[in-house]
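Participant: sequence and predicted structure are below.
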Amino acid sequence: MEITERQGKIVEIVKAKGPITGEQIADLLNLTRATLRPDLTVLTMAGLLDARPRVGYYYSGKSKSDALVADRLRKLRVGDFKSVPIVVREETTLYDAIVTMFLEDVGSLAVVSEGGILEGVCSRKDLLKATLGKSDVHKVPVGVTMTRMPNIIFTTPDEPVLLAARKIIQHQIDSLPVVRTYIDDAGNEKLEVIGRFTKTNITRILVELGDIR
Ligand code: ADP
């Protein structure tokens, strides 16, 4: 929202001195309260200022448009932005895992067992670490270097993207497997990998939210 020079001055005054009454603001600007009234209305409606009866105006810091963006962001769910999962088996060799990463153009692989059940995650650095030792990349399996369940941080399609993004930051990782939880015949909870949610997905969300064409 564009504000006028005078409205900008009002915001600065309220920021510095609030809570402050309309009369006091008018005095500081050498204007009448009546002249100021439309400006105060605009700023209050935009959410920049809040007004309390008998207290005066104070700075709320949030414009309506900020609040709208935050509102839209909170409604987005992982399932609407996830990418397809790229999976390997625990027995896959380091060599094949590296080739898969290049071919699929991804930075990490979900490691799954029969039925797509999540067993681990293997990232670029895991593979670099394994190849720094003198491992035979054609023989050594991904299982020796991956991060394993139950230490995997994952997400679900109905999780808000903000919470998933927070997990990525908190755990300093690049992506989360997206899983569907189900109970198998033996009554055990299983996590089936149905996607991946990455920093790239989050970047796309940012671009879409900011795209006002
Ligand atoms: P990179 O290796 O490219 O820096 P990450 O930062 O994602 O990629 O991975 C860093 C470490 O965290 C690796 O050891 C990897 O196995 C592990 N890791 C990656 N993703 C997850 C996850 N979703 N849950 C738990 N550990 C993970």
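Facilitator: Yep, that arrived.
Participant: which element is the residue positioned nearest the centre of the chain on?
Facilitator: Nearest to the mean C-alpha position of the chain, counting by C-alpha atoms, centre = their mean, stands residue 165 at 3.2 Å. According to DSSP states H and E, residue 165 maps onto helix 161-170.
Participant: near the ligand at all, that helix?
Facilitator: No - figure legend: helix 161-170 not in contact with the ligand (C-beta under 6 Å from any ligand atom); closest approach 7.9 Å. All C-beta atoms are positioned from the backbone trio N, CA, C, and that covers glycine.
Participant: only alpha carbons, please: show that helix as CSV.
Facilitator: Output in CSV follows, covering the C-alpha atoms of helix 161-170 (Å, rounded to 0.1, in the frame of the first residue of the first chain):
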residue,chain,number,x,y,z
VAL,A,161,4.2,-25.8,4.5
LEU,A,162,5.2,-23.3,7.2
LEU,A,163,5.6,-26.2,9.7
ALA,A,164,7.5,-28.3,7.2
ALA,A,165,9.8,-25.4,6.4
ARG,A,166,10.5,-24.9,10.1
LYS,A,167,11.6,-28.5,10.4
ILE,A,168,14.0,-28.0,7.5
ILE,A,169,15.5,-25.0,9.2
GLN,A,170,15.6,-26.6,12.7
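Participant: now for the worst-scoring helix or strand of the chain on mean pLDDT, which elements pack on it?
Facilitator: Lowest on mean pLDDT, DSSP states H and E among the helices and strands of the chain sits helix 64-75, with a mean of 75. Where contact means 3 or more C-beta pairs under 8 Å, 6 or more residues apart in numbering; DSSP states H and E, helix 64-75 is packed against helix 161-170, helix 199-210.
Participant: could you pull up the mean pLDDT of stretch 27-35?
Facilitator: The average pLDDT for stretch 27-35 rounds to 94.
Participant: picking that back up, list the buried residues of the least confident helix or strand of the chain.
Facilitator: Of the residues in helix 64-75, none count as buried by neighbour count, 16 or more other C-beta atoms under 10 Å.
Participant: dump stretch 95-115 to CSV, restricted to CA.
Facilitator: Only the C-alpha atoms of stretch 95-115 are listed here, as CSV (Å, rounded to 0.1, in the frame of the first residue of the first chain):
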residue,chain,number,x,y,z
TYR,A,95,27.9,-45.9,-7.4
ASP,A,96,24.2,-46.5,-8.4
ALA,A,97,23.0,-44.0,-5.8
ILE,A,98,25.4,-41.3,-7.1
VAL,A,99,24.3,-42.0,-10.7
THR,A,100,20.6,-41.8,-9.6
MET,A,101,21.3,-38.4,-8.0
PHE,A,102,22.8,-37.1,-11.3
LEU,A,103,20.1,-38.6,-13.5
GLU,A,104,17.2,-37.4,-11.4
ASP,A,105,18.9,-34.1,-10.5
VAL,A,106,18.3,-34.4,-6.8
GLY,A,107,20.3,-33.8,-3.7
SER,A,108,19.0,-36.6,-1.6
LEU,A,109,17.4,-40.0,-2.0
ALA,A,110,14.8,-41.7,0.1
VAL,A,111,15.8,-45.2,1.0
VAL,A,112,12.9,-47.6,1.1
SER,A,113,12.1,-51.2,1.6
GLU,A,114,9.4,-53.4,-0.1
GLY,A,115,6.2,-51.4,-0.6
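Participant: alright, calling it a day.
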